[in-house]
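Enquirer: Here is my input, please return the structure:
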Amino acid sequence: MTRPLRRRQRRTKPFKTRFNFYHRAYQYLGWLTPRLLELDDAEAQVRKLATRLISSANHAPEATLAASLLLPYASYAQAHAVHVAVLIARPASRLSMTDKDSQTLVCAGLTMNVSMVELQDELNRRAAPLSTLQVNQLHLHPLASSAILREANIEDPVWHLAIIEHHERWNGKGYPFALEREAISAYAHILHVADVAMARLHPRHYRRSLVPRNAMAQLFQQRDILTDSQLTDCLIKEIGLYPPGSFVKLEHGGSAIVVHHSDNITSPLCVRLGRDASRTPQPQKVVGSVEMAVEARHLPALASLWNGKIVATAAR
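Expert: Residues are numbered from 1 along each chain as shown. Next up, the predicted model:
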C-alpha cells in the first residue's frame with residue numbers, strides 16, 4: 001500500500017505552478033503519518049519526501065522559505081514538521097554532514113512528533129494549561145515516536161537518536177532524560193534548535209508569531225549557552241532578520257514583501273506593495289516588520305514573485 005509523491009501531468013493554474021509542491025508536502029505527510037504501520041515501504045516513502053524537500057531547499061532556498069511563511073495549512077503538526085525539515089536541509093553541508101546523514105536528519109524532522117500529531121494540533125488551538133495526561137504524553141513523545149518508527153521497520157540509529165533526544169537542552173532541563181550538554185548527540189541538537197526556531201516564526205491560534213528579527217535575536221543570545229554557536233549562526237543566516245515571504249516597513253515609507261536576501265542584512269531585495277508598484281525586487285532599507293493577513297486570493301500574485309522555482313526544482 002503506497003502513495004508515491006508524483007508530479008501531476010495535467011495543466012495547472014498559476015498558483016499551483018508556484019507553491020504547489022510545498023502544499024502537497026503538507027498533504028502527503030498528513031496522509032503518510034497515520035499509515036506508517038500499514039506500509040511495507042514506510043522508510044522509503046519518508047526518505048523520498050525528504051529527498052524532494054532537500055532538493056527544493058538547495059535549489060530554491062528563498063522560495064521554499066517564503067512558502068513556509070505564506071502558505072496556509074490544515075494541520076499545524078504536519079506543517080511544522082515540514083518547516084523544520086526544510087530548515088535542516090540547507091546548512092547540512094556547512095556542518096560537515098554526509099549526504100546520507102543529512103537526509104536521515106531531515107527524515108527525523110518529518111517524523112519527530114508522529115506519536116502526538118493530534119495532541120500537537122489540539123495544543124495549537126488552545127491556550128489552556130495542559131492536563132497531567134497531556135504533560136506526560138508531551139514528555140514521552142520522543143520515545144513513543146521512536147517506538148512507532150521501529151514498529152514500521154525503520155531502524156536507522158541516527159534517525160532514532162535524533163528523535164529521542166530532540167527535546168534535550170544544554171542546561172539539563174529538557175526531556176525525556178534531562179541530559180546535560182555533553183551527553184546530547186550533535187544531530188539531536190540540530191533538530192532541537194531548528195524545531196525551536198521554526199516554532200517561534202509561525203503563529204499559534206493562541207499567540208502571534210515572533211517578529212523574525214526578535215526570533216533571531218533570541219537565538220543569537222543563546223549561542224554557547226543553550227545552543228551551538230556554529231549551528232546557530234548557520235540557521236540565522238538561512239532565515240535572516242527579514243526572511244523571504246515576510247512583510248516589512250520601509251525606511252522611506254510604505255510596505256513591501258521580502259523576496260531575496262542581500263549582502264546587507266537590513267536591506268533585502270523587496271517588492272513594494274500596491275497596485276502600481278514595480279514587481280522587480282529592489283534593495284530596500286527596512287526599519288521593521290509588518291503583520292499582513294494573507295488570503296487565498298493573494299497567493300497567486302505572491303507566488304509569482306519566486307518564478308515557480310519550487311515546482312521546477314522539487315516536484316519532478
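Enquirer: And the protein, what are its domain boundaries?
Expert: If you go by automatic domain parsing, the domain ranges for the chain are 15-239+307-314, 241-290.
Enquirer: what sits against Tyr22?
Expert: With contacts defined as CB atoms under 8 Å, 6 or more residues apart in numbering, the neighbours of Tyr22 are Ser56, Thr64, Ala67, Ser68, Leu71, Val82, Ile310. In short, each C-beta sits where N, CA and C put it, glycine included.
Enquirer: if I read this right, the third one contacts Phe19, doesn't it?
Expert: It refers to Ala67. Yes - with the criterion set as CB atoms under 8 Å, Ala67 and Phe19 qualify as a contacting pair; they are 4.8 Å apart.
Enquirer: More neighbours: the two, which one.
Expert: For the pair Ala67 and Phe19, the greater number of neighbours falls to Ala67 (29 against 24), based on other CB atoms under 10 Å.
Enquirer: Are we agreed that that one is in a helix?
Expert: Yes - counting by DSSP: H, G, I helix; E, B strand; the rest coil, one finds Ala67 located in a helix.
Enquirer: Grab the nearest non-local neighbour of it.
Expert: Tyr22 (4.0 Å; CB to CB, 6 or more residues apart in numbering).
Enquirer: Ser267 too?
Expert: Pro283 (4.7 Å).
Enquirer: Now the one you found, what are its backbone angles?
Expert: For Pro283, the backbone dihedrals are phi -60, psi 130 (criterion: degrees, to the nearest 10).
Enquirer: Over to Ser255?
Expert: Ser255 has phi and psi values of phi -120, psi 160 when expressed as degrees, to the nearest 10.
Enquirer: That one: how many residues sit nearby?
Expert: Ser255 is surrounded by 17 other residues when neighbours are defined as other CB under 10 Å.
Enquirer: Check the gap between it and Lys285 for me.
Expert: Look at Ser255 and Lys285: by CB to CB, to the nearest Å, they are 13 Å apart.
Enquirer: And the helices in the stretch 201-316 of the chain?
Expert: Counting by DSSP state H, counting those that start in this stretch, the stretch 201-316 of the chain forms helices over residues 212-221, 229-239, 299-303, 309-314, given from the N-terminal end onward.
Enquirer: for these, which one sits closest to Gly245?
Expert: The minimum distance between Gly245 and the helices of the stretch 201-316 of the chain falls on helix 299-303, with 8.0 Å, by CB to CB.
Enquirer: same for the closest one, what does it pack against?
Expert: Contacting helix 299-303 under the criterion 3 or more CB pairs under 8 Å, 6 or more residues apart in numbering; DSSP states H and E are the following elements: helix 61-70.
Enquirer: Does anything pack onto the helix it packs on? Which helices or strands?
Expert: With contacts taken as 3+ CB pairs under 8 Å, 6+ apart, helix 61-70 sits against helix 20-32, helix 42-59, helix 76-89, helix 229-239, strand 255-260, helix 299-303, helix 309-314.
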